[in-house]
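>>> sequence first, then the predicted structure:
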Amino acid sequence: MSAVQSQDNLASEASVRDLRRVPIHPDFWYPLAWSKEVKRGKAHGVHFAGEPIVLARTESGRVFALEDRCAHRQVPLHAGVVEGEGIRCGYHGWTYDCSGQCVDIPYLGRERLPNGVRAYPCREAHGMIFVFPGDATLAEQTPFPEMPSVTDKAYKTRRFGRPVKCHYSFMHENLMDMNHQFLHRRQMGQMRARSLGRRRGENWIEVDYTFMREAGKQPAGEALVFGSSKRSEDQSDSSVMTIRTGYPYQTLQIRSSEDSLVMDLWIVYVPLDAQQRTNRTFGMLSIRKPKVSLLLDAAWPLLVWFTERIFKEDRAIVELEQAAHDNQGADWNHEVFPVINELRDVLRNCGARTVIPIRAVEDLA
Amino acid sequence: MSAVQSQDNLASEASVRDLRRVPIHPDFWYPLAWSKEVKRGKAHGVHFAGEPIVLARTESGRVFALEDRCAHRQVPLHAGVVEGEGIRCGYHGWTYDCSGQCVDIPYLGRERLPNGVRAYPCREAHGMIFVFPGDATLAEQTPFPEMPSVTDKAYKTRRFGRPVKCHYSFMHENLMDMNHQFLHRRQMGQMRARSLGRRRGENWIEVDYTFMREAGKQPAGEALVFGSSKRSEDQSDSSVMTIRTGYPYQTLQIRSSEDSLVMDLWIVYVPLDAQQRTNRTFGMLSIRKPKVSLLLDAAWPLLVWFTERIFKEDRAIVELEQAAHDNQGADWNHEVFPVINELRDVLRNCGARTVIPIRAVEDLA
Amino acid sequence: MSAVQSQDNLASEASVRDLRRVPIHPDFWYPLAWSKEVKRGKAHGVHFAGEPIVLARTESGRVFALEDRCAHRQVPLHAGVVEGEGIRCGYHGWTYDCSGQCVDIPYLGRERLPNGVRAYPCREAHGMIFVFPGDATLAEQTPFPEMPSVTDKAYKTRRFGRPVKCHYSFMHENLMDMNHQFLHRRQMGQMRARSLGRRRGENWIEVDYTFMREAGKQPAGEALVFGSSKRSEDQSDSSVMTIRTGYPYQTLQIRSSEDSLVMDLWIVYVPLDAQQRTNRTFGMLSIRKPKVSLLLDAAWPLLVWFTERIFKEDRAIVELEQAAHDNQGADWNHEVFPVINELRDVLRNCGARTVIPIRAVEDLA
């Protein structure tokens, strides 16, 4: 795609719907909690795009997911009590099994029990609790996220993430546009990204980059994450970074000049509120262990510190983008990088067909 | 009423107005402050359903109630100065007497004084300041709340209450549905309530309960409040609890098997804000003194602690109910207990005929 | 104007627009920051009536003002880096010169640079950064505020001000109506203002006052600000205070009986948010030095303390006025002082022709 086409895209955007009002599509598997957050015999309340969902782990260790409201008085079930393989509401004691069926009202005969609450398909994997918030009949046939590096002993994985106050699309665009290295100049020195090319399918897009250091020295934390740079004659690093949005997930992989996968990031941004102005990030950062594996363990705290600093800068800037969008009440972006305009198309086309109702601009001023 | 009828009620509710949008009826006497909050020679600002009201106690000890805004620049009169039997605004010094008439503007001739502000009928009784916020011509003929146990020396009374973030109707339903004992399982052990029957008039409804302990021991605090349980053969306590909503007030009385009134609670929930999503509770809990009256005095701190714990649990759960209603934008309750459905009818029929304007659901998400 | 006419004004106000919804007119020079707030080589974000504006001081010391958003992703430029005589966005490094033109995108050829962002006329004077937020073609011909006492060595000037949560009109009315001395009774004792007369033009109005002490002694702080009162036979001070609104600025001057200017206040109230419910006050209070100039220096801390106390009381009361207006959703004021009704006309006629969109009253309840 030429720059001219990119400009055309931009012009036509005026007539298409605002990406920041496109809800994420619910017919996918989304992690809603880390496994360790849902303790045995306890309930844990989470949200997906404004829907309250309770995750409960029974005494047998199994996790199930229900609509987080009692059918009776609408209070959250997560304030109740996990009993056997079900959950009892903490107010009047209505009880539901793991399929959401109401199985006991202490003061009412069993023949008169009302319908219960909605249950969600739920699976635990890779240290996360995944839920399928959309059409449950599609859950089985929908691909479950694969993370080969997480289970491969050649890699060490760091789990990270926290709530970020922006629409999920800002997160995808932030990671995929490596021209934003200027944002991290204090952490990484001045790096220049060069886009090598991109590939695109119906529900995915990916782009390759190489990097060249313009000024400063490579920091130790970066060497850990991205590998020590082995520069070619023209001062550019010969590693290749590939960033891919495979809706709704995103990956970032770095391959060395020997085509070895040295870093493998899997990440997803789960909308929390109904307006999808907040997301919770679940990231799995896998680093290939060096020959002396202990070195990576020793350096791990430095890596944690380094990635937290980078993530903090990204979080701050995407929250400023969201604030600007809220204030302007529309998408005023003037995007000149073709891959980002195509990424937006992917996100727009893959999203739900409804529109997020947002407040009028004057209410937010 | 059979369960079938109850279901019919539920079906017909779809076509009636949402109880949580029914304003409380203003043509009653409502306490707006404890007497001790309104000090001699001082003014005190309160609210009734969004209306700002100033309570002022003159040097002679009398309390009067005016609209809490100066006719001039609308600033609250409670920021002014009580002078003689009137109040002077703290900004430009406009002065009002206890009937709300403007009696002085320091820089304007008396012949040009404008109209003043609205005055409310006001009475002090039982340690509370009562105001009649509705049609003042109805104040005299409207029954003033009676609290015989409060003035009876055979009883000791505890005053309590604080703001709760919910519509007043949730408070009535909470107290009247004794099947919510499960909520207080940590304080009271596992009790099962049994409804003995109910009676209903045009603007009141009452229901009788007995209780049976299912598990655990009677806590000391409970014994103080409800009396030591004298169990009959079938393990049920022979005391009878009667809960009554006599619009807009509520009472809870416990009579022992000898038909002696051992506990007498009078309580009312006064809306604070215009949307009536917050109420201030004024409760008067009277306990019949034992033969050795000192025993009750000695145990009083325990009783205070116990009732505070119970009240805290109730407050938390009704606030969750309100939050769910705000989020759902409508009444999704699925009530199966006939007495509560009838209580709702009483509250709906006795309330004001207007509708509380609430924000659209998306604004609250 | 007679009192009858004043009443007519009041009646006709019902049909004119609500002054509290009249936006300040943008075609004037407004201070948006103190000079010391904009450090060399740094950027500083401010607001004018909801418009984000970045003030940047280059290494050469010059200050320029741009729209505070990058044309690319809308993030604030004040989070970026001042470089040479321009500013670079902190996200992807887009760079603007002091005229707002985009002069560099690190990853895009210069021939493809997009348009930049809006620049505002900007001048530094009297220790403040002034911006012309309206039609830039009018900036040159629009009179720049003069402050002769600030540069006159016969005077010592105090700079003060802070954000106040109200529409700018409440500030003008507060200062011009000296009958509000009752508000400051604790600071100044009981003073009675007497209006001597007023003059009015198309975009200005001024009024003269003398003062008479009714009770109490003149405080030391007041003597410093207003001069020691030299009372005439009838106990009135012979100094004359003139308060003038010369749109959009306001001045308060005190002349002694010998017609010497002893105090000279210049003040302006700059709206911060789009709804213009908050303003930032910039005040320049000049006091004529006594013959022994050291006396004024020695007493300066007392003067600061005294004026801060007065300003705090004023701030509290105008914020209460704004809160009442928000709650009532309209202007319920019953103004009886002719000069204030005429001041309102001036503010209404000089303001912008648009209407501030405010939330419905129920949203604010």
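Nice, I can see it.

>>> show me what from the stretch 101-250 of chain A comes close to chain B.
Taking CB under 8 Å from any CB of the partner chain, the part of the stretch 101-250 of chain A that reaches chain B is made up of A:105-108, A:112, A:114. In this view, the C-beta of every residue, glycine as well, is placed from N, C-alpha and C.

>>> return the item of those having minimum pLDDT.
Comparing pLDDT over these singles out A:Arg112 as the least confident position, at 84.

>>> please, where are all the strands along the stretch 201-350 of chain A?
A:204-215, A:240-246, A:249-255, A:261-271, A:279-288 (DSSP state E, counting those that start in this stretch).

>>> who does the fourth one pair up with?
Using DSSP bridges, the strands paired with strand A:261-271 are strand A:249-255 (antiparallel), strand A:279-288 (antiparallel).

>>> state the three-state secondary structure for the residue of the stretch 151-300 of chain A found nearest chain C.
With CB to the nearest CB as the measure, A:Phe182 is the residue of the stretch 151-300 of chain A nearest to chain C, at 3.9 Å. Counting by DSSP: H, G, I helix; E, B strand; the rest coil, the backbone at A:Phe182 sits in helix.

>>> who touches it in this structure?
By CB atoms under 8 Å, 6 or more residues apart in numbering or on different chains, A:Phe182 lies in contact with A:190, C:88, C:90-93, C:106.

>>> cutoff 10 Å now
For A:Phe182, the contacting residues are A:188, A:190-192, C:80-81, C:88-94, C:106-107, by CB atoms under 10 Å, 6 or more residues apart in numbering or on different chains.

>>> buried members of the residues you listed into PyMOL, please.
Listed next is the PyMOL selection for buried residues among the contacts of A:Phe182, using 16 or more other CB atoms under 10 Å in any protein chain shown:
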select buried, (chain A and resi 188+191+192) or (chain C and resi 80+81+88+89+90+91+92+93+94+106+107)
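
>>> which one of the contacts of A:Phe182 is nearest to chain B?
When the contacts of A:Phe182 are compared for distance to chain B (CB to the nearest CB), C:Tyr91 comes out closest, at 28.8 Å.

>>> wait, the closest one touches A:Phe170, no?
No - C:Tyr91 is not in contact with A:Phe170 according to CB atoms under 10 Å; the separation is 11.3 Å.

>>> ok, back up a step: in TSV: the strands paired with strand A:261-271, plus mean neighbour count and mean pLDDT.
Compiled in TSV, the strands paired with strand A:261-271 are given as follows (neighbours: other CB atoms under 10 Å in any protein chain shown; pLDDT from 0 to 100):
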stretch	mean neighbour count	mean pLDDT
strand A:249-255	20	96
strand A:279-288	22	96
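
>>> for A:Trp305, find the nearest of those.
Go through the strands paired with strand A:261-271 one by one with CB to CB and the one that ends up closest to A:Trp305 is strand A:279-288, at 13.4 Å.

>>> tell me how far the closest one lies from the chain's centre.
What separates the centre of strand A:279-288 from the centre of its chain is 8 Å, taken as CA atoms, centre = their mean, to the nearest Å.

>>> and for stretch A:154-163?
Relative to the chain's own centre, stretch A:154-163 is displaced by 12 Å; criterion: CA atoms, centre = their mean.

>>> just for chain A, where's the confidence low?
Scanning chain A for pLDDT under 70 picks out A:1-15, A:215-216, A:221-222, A:224-237, A:359-365.

>>> among the contacts of A:Phe182, name the ones in strands.
Secondary structure assignment (DSSP state E) places A:190-192, C:81, C:88 from the contacts of A:Phe182 within strands.

>>> now those residues as CSV including distance to B:Glu37?
Formatted as CSV, the ones in strands among the contacts of A:Phe182 follow (distance: CB to CB, whole Å):
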residue, distance to B:Glu37
A:Gln190, 64
A:Met191, 65
A:Arg192, 68
C:Val81, 56
C:Arg88, 59
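
>>> any idea how many residues pack against A:Gly246?
Burial of A:Gly246, expressed as a neighbour count using other CB atoms under 10 Å in any protein chain shown, amounts to 17.

>>> which strand residues bridge A:His88?
No, residue A:88 isn't His; it's Arg. A:Val81, A:Thr95.

>>> how close does it get to B:Asp259?
Summarising the geometry, the distance separating A:Arg88 from B:Asp259, computed by CB to CB, to the nearest Å, is 36 Å.

>>> show me the helices in chain A, by range?
For chain A, helices defined by DSSP state H occupy the ranges A:3-13, A:148-151, A:168-176, A:185-188, A:220-226, A:293-328, A:338-350, A:361-364.

>>> how big is the angle separating the third one from strand A:240-246?
Angle between the axes of helix A:168-176 and strand A:240-246 is 160 degrees (criterion: axes from the mean of the first three to the mean of the last three CA atoms, to 10 degrees).

>>> domain parsing of chain A, as residue ranges.
With automatic domain parsing as the criterion, the domains of chain A are listed as A:42-138, A:148-364.

>>> chain center to the longest one: distance?
To tie it back to what came earlier, the one meant is domain A:148-364. Computed by CA atoms, centre = their mean, the chain-centroid distance of domain A:148-364 equals 11 Å.

>>> need phi/psi at the residue located most distally from the centre of chain A.
Residue farthest from the centre of chain A, counting by CA atoms, centre = their mean, is A:Gly109 at 45.0 Å. Taking degrees, to the nearest 10, you get phi -60, psi 150 for the backbone angles of A:Gly109.

>>> and it, how far from B:Ile254?
When distances are taken as CB to CB, A:Gly109 and B:Ile254 turn out to be 28 Å apart.

>>> next: A:Phe28.
Separation of A:Phe28 from B:Ile254 (CB to CB): 56 Å.

>>> A:Pro52 too?
With the distance defined as CB to CB, A:Pro52 ends up 37 Å from B:Ile254.

>>> what do you get for A:Gly246?
Distance of A:Gly246 to B:Ile254, given as CB to CB: 65 Å.

>>> do A:Phe311 as well
Distance check for A:Phe311 against B:Ile254: by CB to CB, it reads 59 Å.

>>> ok, which of the strands of the stretch 201-350 of chain A comes nearest A:Ala352?
strand A:261-271 (10.6 Å).

>>> any idea of the angle the closest one forms with helix A:293-328?
Strand A:261-271 and helix A:293-328 are oriented at 30 degrees to each other (the same axes, to 10 degrees).

>>> what residues does the stretch 201-350 of chain A have near chain C?
By the criterion of CB under 10 Å from any CB of the partner chain, the positions of the stretch 201-350 of chain A lying close to chain C are A:214, A:313-314, A:316-325, A:327-328, A:331-337, A:340.
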